[in-house]
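**Q** here is a sequence together with a model predicted from it:
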Amino acid sequence: MANIKSGLKIYPLKDAAKPKATEFINVSGKAFNTVFPNDLAYFEILNEMIQREPLDAIEPEMRGAIAAIGIVKGQAFKPDARMKQLLIEAGTLGNATSRAITVQPRFDGVAIYPILTAVGLWPTPTKTPPSKQTAR
């Protein structure tokens with residue numbers, strides 16, 4: 001732990017020239033949520049990050065995709081009612097997709113927690129994955 005505290009430095013890229021000292025907070029035994037929201041709040045957090053970090057922190061291709069939903073560095077993020085609904089739906093679908101991929105990956109040999117799966121402590125699919133089904 002001493003090695004981590006003396007060598008690890010975490011700071012925003014905008015502060016790279018003169019970063020503040022990294023503060024370590026012991027959260028052992030404390031409950032906290034590490035799951036991102038799956039609604040409009042996700043995109044609000046993304047906007048905050050885009051506004052806070054240098055422009056080149058994200059590649060141009062990704063910045064373009066993010067700009068398409070109204071998140072642009074230096075500009076206010078003000079989605080209209082239609083865009084808000086689309087972003088809420090996108091968050092819900094993205095969350096569901098990531099969970100489905102985690103439980104039943106498309107590629108053979110992928111196991112998020114192989115030891116738990118092997119001893120039956122991790123949920124495994126009961127149906128044959130589509131990649132294993134034979135064509136009729």
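**A** In hand now; what should we look at?

**Q** now the spatially most central residue of the chain, nearest residue through space, not along the chain?
**A** Geometric centre of the chain, nearest residue: F36, 6.7 Å, by Cα atoms, centre = their mean. The shortest distance from F36 to any non-neighbouring residue, by Cβ to Cβ, 6 or more residues apart in numbering, is to Y42 (5.5 Å). The way it works is simple: take the backbone N, C-alpha and C, and place the C-beta from them, glycine included.

**Q** tell me how many other residues surround that neighbour.
**A** 17 (other Cβ atoms under 10 Å).

**Q** pull out the buried residues from the helix ranked longest in the chain.
**A** Looking across the chain with DSSP state H, the single longest helix is helix 81-103. Neighbour counts over helix 81-103 (16 or more other Cβ atoms under 10 Å) mark L87, I88, A90, G91, N95 as buried.

**Q** cool, stretch 34-49 as well?
**A** N38, D39, L40, Y42, F43, L46, N47.

**Q** now name the helix or strand holding the fourth one.
**A** Element membership for Y42, per DSSP states H and E: helix 40-52.

**Q** next secondary structure after that helix?
**A** helix 60-67.

**Q** what residues does Q51 make contact with?
**A** Contacts for Q51 (Cβ atoms under 8 Å, 6 or more residues apart in numbering) come out as K73, G74.

**Q** same thing with N38?
**A** Listed by Cβ under 8 Å, 6+ apart, the contact set of N38 reads G91, T92, G94, N95.

**Q** do you know how far the first one is from P19?
**A** Right, the one you point to is G91. 32 Å (Cβ to Cβ, to the nearest Å).

**Q** still on that earlier bit, okay, who's weakest in the buried residues of helix 81-103 by pLDDT?
**A** pLDDT across the buried residues of helix 81-103 is lowest for N95, at 88.

**Q** quick one: mean pLDDT for the helix holding Y42?
**A** For helix 40-52, the per-residue pLDDT averages 94.

**Q** quick one: that helix to chain centroid distance?
**A** Taking Cα atoms, centre = their mean, to the nearest Å, the mean C-alpha location of helix 40-52 is offset from the chain mean by 12 Å.
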